[in-house]
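Novice: quick one: sequence and predicted model below, then my questions.
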Amino acid sequence: MAATYEKIATTTASGSSTNVTFTSISGAYTDLVLIISNVTSQIDNVGIRLNSDTGTNYSRTILSANGTAVAGNRGSNDSYLYTMYKDTAGGNPVMSIMQFQNYSNSTTYKNVLVRQQTDSSGTKGTLAMVGLWRATPAAITNISITSLNANFNSGSIFTIYGILKAA
């Protein structure tokens with residue numbers, strides 16, 4: 001079977017930045033997959049902006065569970081796609097996998113599916129989110145990831161993959 005994921009770019013944080021941006025993303029793929037691996041106890045929220053859009057054009061629906069409790073959260077007219085919620089247990093790894101579907105289409109709004117392993121207050125769990133970017137339809141060519149309250153820890157890894165189009 002042929003490989004379907006092609007690494008576009010990867011960045012490792014030095015510990016002194018709050019922002020990672022992938023620019024000039026080619027439209028040669030069907031979907032994009034962004035994987036963030038972050039080890040910190042200081043990050044409250046990570047926000048994603050597409051094509052440098054700072055308007056209130058983002059919506060989200062989040063479901064989370066830890067084996068004993070389930071929670072939900074919804075927001076619309078946000079200025080970011082929020083993801084990667086706080087690890088309050090103290091530096092446990094948090095991984096977030098985001099799939100931007102049909103990202104190169106310039107005639108539809110864009111949605112993103114997020115799966116995340118969490119460790120909130122020492123209670124391991126999982127989080128799922130669907131997000132929507134409702135700006136004027138455009139292909140995604142730029143993804144900016146911002147920590148909204150602290151630096152990314154040194155060694156945090158950000159990798160973006162393209163899913164190859166079927167031949």
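Specialist: Here it is on my side, so go on.

Novice: which ones are touching G47?
Specialist: Contacts here follow CB atoms under 8 Å, 6 or more residues apart in numbering; on that basis G47 touches S79, Y80, L81, Y82, T83, I145, T146, L148. Backbone N, C-alpha and C define where each C-beta goes, glycine included.

Novice: run through the bridge partners of the third one.
Specialist: What it means is L81. Per DSSP bridges, residues listed as beta-bridge partners of L81: I48.

Novice: next, count neighbours for it.
Specialist: The tally of other residues near L81 (other CB atoms under 10 Å) stands at 28.

Novice: thought V112 was touching it, still the case?
Specialist: Yes: the pair L81 / V112 is scored as a contact, 6.2 Å apart, by CB atoms under 8 Å.

Novice: overlap in contacts, those two.
Specialist: If you check L81 and V112 against CB under 8 Å, 6+ apart, the residues they both contact are I48, G131, W133.

Novice: the residue nearest the centre of the chain is in what secondary structure piece?
Specialist: To find the centre residue of the chain, average its C-alpha atoms and take the closest one (CA atoms, centre = their mean): that gives M98, at 4.9 Å. For M98, the element it lies in under DSSP states H and E is strand 93-101.

Novice: what sits against G15?
Specialist: With contacts defined as CB under 8 Å, 6+ apart, G15 is in contact with N151, F152, N153, S154, G155.

Novice: who wins on neighbours among these?
Specialist: F152 (28 neighbours).
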